[in-house]
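Undergrad: structure here, sequence nowhere to be found:
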């Protein structure tokens, strides 16, 4: 490629005379960011609220005879609390790899749907084995929330 060709390709920069179009571009970008915020933030806030609420639900259920209803004895309630965090910790890395590979906008809805199904399964549990199974699966699925949220929000400008 000749030097004159290189000079022609590099001359496509924005000149000072294009201030008005630059201002229009900046204004359009601000409108787009605001519109994106208004569309995404309510859903993300609702998901975060339910994520936090889910962690507190077991403690609230204990005050309403949860242990007696499921026939929990000894340390079984403590196991329900602790064993949720084992898959939660183990599945953070696989979920982050999936979110990067397949886009977090696809991974988060899949995780939230799975999480909702596990929550309904927990409501239908009749014994320790049923509630423990749903809590373990729920821990694995909830691990996607924080990772996916961070990856999704890193592309937003503030």
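TA: Everything's here; your move. What you see is a predicted model; the values in this text were computed from it and never measured.

Undergrad: so, low pLDDT: which residues of the chain?
TA: Residue ranges of the chain with pLDDT under 70: 1-18, 148-158.

Undergrad: again, only this time at 80
TA: 1-20, 36-37, 40, 43-44, 47-48, 50-57, 104-105, 145-158 (pLDDT under 80).

Undergrad: max-length helix in it?
TA: In terms of residue count, the longest helix belonging to the chain (DSSP state H) is helix 19-62.

Undergrad: elements contacting that helix?
TA: Applying 3 or more CB pairs under 8 Å, 6 or more residues apart in numbering; DSSP states H and E, one finds that helix 19-62 contacts helix 76-82, helix 104-124, helix 128-153. Bear in mind the C-beta positions are built from the backbone N, C-alpha and C, glycine included.

Undergrad: can you give me the angle it makes with helix 104-124?
TA: Angle of helix 19-62 versus helix 104-124, following axes from the mean of the first three to the mean of the last three CA atoms, to 10 degrees, is 20 degrees.

Undergrad: my guess is residue 134 contacts residue 117, does it?
TA: No: here residue 134 lies out of contact with residue 117, judged by CB atoms under 8 Å, at a distance of 9.2 Å.

Undergrad: of the two, who's got more company?
TA: residue 134 (21 against 14; other CB atoms under 10 Å).

Undergrad: from residue 43, how far out is that one?
TA: Using CB to CB, to the nearest Å, we find residue 134 at a distance of 24 Å from residue 43.

Undergrad: so which of the helices and strands packed on helix 19-62 is the most packed in?
TA: Most buried of the helices and strands packed on helix 19-62, by mean neighbour count (mean count of other CB atoms under 10 Å): helix 128-153, with a mean of 19.
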